[in-house]
Structures are given as structure tokens and as C-alpha cells.
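In: Here you go, sequence then predicted model.
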Amino acid sequence: MEVSAFPKMGLSLLNEQHDMLKGQMHSVVEALDQKEAAGVVAKRLGDLIRYVDLHFSMEEEVMASNDYPRLALHKSAHEAFRNKVRQLHESVDGSNTEIMEVLVRLLERWLENHEAGEDERLLEFMKS
Ligand SMILES: [Fe+2]
Ligand SMILES: [Fe+2]
């Protein structure tokens, strides 16, 4: 999918993806709360992590095509997070709900902070 250089389109795309991310995050938390089988939690977690990856790439394309001045900084925050999640995800064997719970809480907190910080700055820049 081509990301348009038109800021308004980039902005609505990012807003849509952030909503989607919240929905996916919610479905993982819900699986844990409802004490679903570890396989169910692992599957939803895997879907969420793949979506985070896709979203980061898309966000980076939007930043690049709009000459966003904080691109390098924002990208390195994504990269650090990708590495951490990858490491943790590899250590999850799909049957240990406790480790998954730790991973899910970490994802949740990091994404909330990231959205309120770097992502919010980017959205403000796109609006201006
Ligand atoms: Fe971001
Ligand atoms: Fe984002």
C-alpha cells in the first residue's frame, strides 16, 4: 500500500491504525482476563505484535514522506521496542500464561506512553 504524501491522508491513516491497535490490545487483555487457554492468548498476542510491526513501518513511511524532523528519534524508539518485544516473544512458548501476562502489560504500558509522547507530537505536526 502506498502512503500518500498528503498530510491529511497520513493523519487519518495513523488515527485509524491507532484505533485498530487499541482494539487488538483490548482483545489480548480480554483473553487474559477471561482466562482463555494459553494458545488463544498466544495467538492474539502474535497477531498484535505483527500489527504493531506493520503500524510502525507505516508510521515511519508517513514520517519520511512528510520530512518529519524527529524521524530518526522516533524510529529508534520503535526499533528499541521491536527488539525488546521480539526477544520476549521468542521466550514465550505458548503455554505459560504468566510470562504472556508480563509481556502484555509491558506492551500496553509502552504503547500508551509512546502514543501520548512521540506519536502525539507527530500527529500535532501533521495537523499544522
Ligand atoms: Fe510511533
Ligand atoms: Fe503509532
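Out: Arrived safely. Just so it is clear, the model here is predicted, and its values are computed rather than measured. Ligands and ions are numbered 1, 2, ... in the order given.

In: Going by C-alpha atoms from here, please, whenever you check contacts or count neighbours.
Out: Fine.

In: residues in contact with stretch 26-37?
Out: Residues outside stretch 26-37 that contact it (CA atoms under 8 Å, 6 or more residues apart in numbering) are 40-41, 44-45, 48, 97, 101, 104.

In: Mind exporting the C-alpha coordinates of it to PDB?
Out: Listed next in PDB are the C-alpha coordinates belonging to stretch 26-37 (Å, rounded to 0.1, in the frame of the first residue of the first chain):
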ATOM      1  CA  HIS A  26      -8.100  -5.000  24.200                       C
ATOM      2  CA  SER A  27      -8.700  -8.400  22.700                       C
ATOM      3  CA  VAL A  28      -5.400  -9.700  24.200                       C
ATOM      4  CA  VAL A  29      -6.200  -8.300  27.700                       C
ATOM      5  CA  GLU A  30      -9.700  -9.700  27.400                       C
ATOM      6  CA  ALA A  31      -8.300 -13.200  26.600                       C
ATOM      7  CA  LEU A  32      -6.100 -13.000  29.700                       C
ATOM      8  CA  ASP A  33      -8.900 -11.700  32.000                       C
ATOM      9  CA  GLN A  34     -11.300 -14.400  30.800                       C
ATOM     10  CA  LYS A  35      -8.600 -17.000  31.500                       C
ATOM     11  CA  GLU A  36      -8.700 -18.300  27.900                       C
ATOM     12  CA  ALA A  37      -6.400 -21.200  27.000                       C
END
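
In: tell me which residues in it are buried?
Out: 27-29, 31-32 (16 or more other CA atoms under 10 Å).

In: wait, which of the residues you listed is closest to residue 86?
Out: residue 28 (17.0 Å; CA to CA).

In: I'd like the distance between that closest one and residue 16.
Out: From residue 28 across to residue 16, the span is 19 Å (CA to CA, to the nearest Å).

In: Out of the contacts of stretch 26-37, list just those in helices.
Out: Those of the contacts of stretch 26-37 mapping onto helices are 40-41, 44-45, 48, 97, 101, 104, per DSSP state H.

In: Sounds good, over and out.
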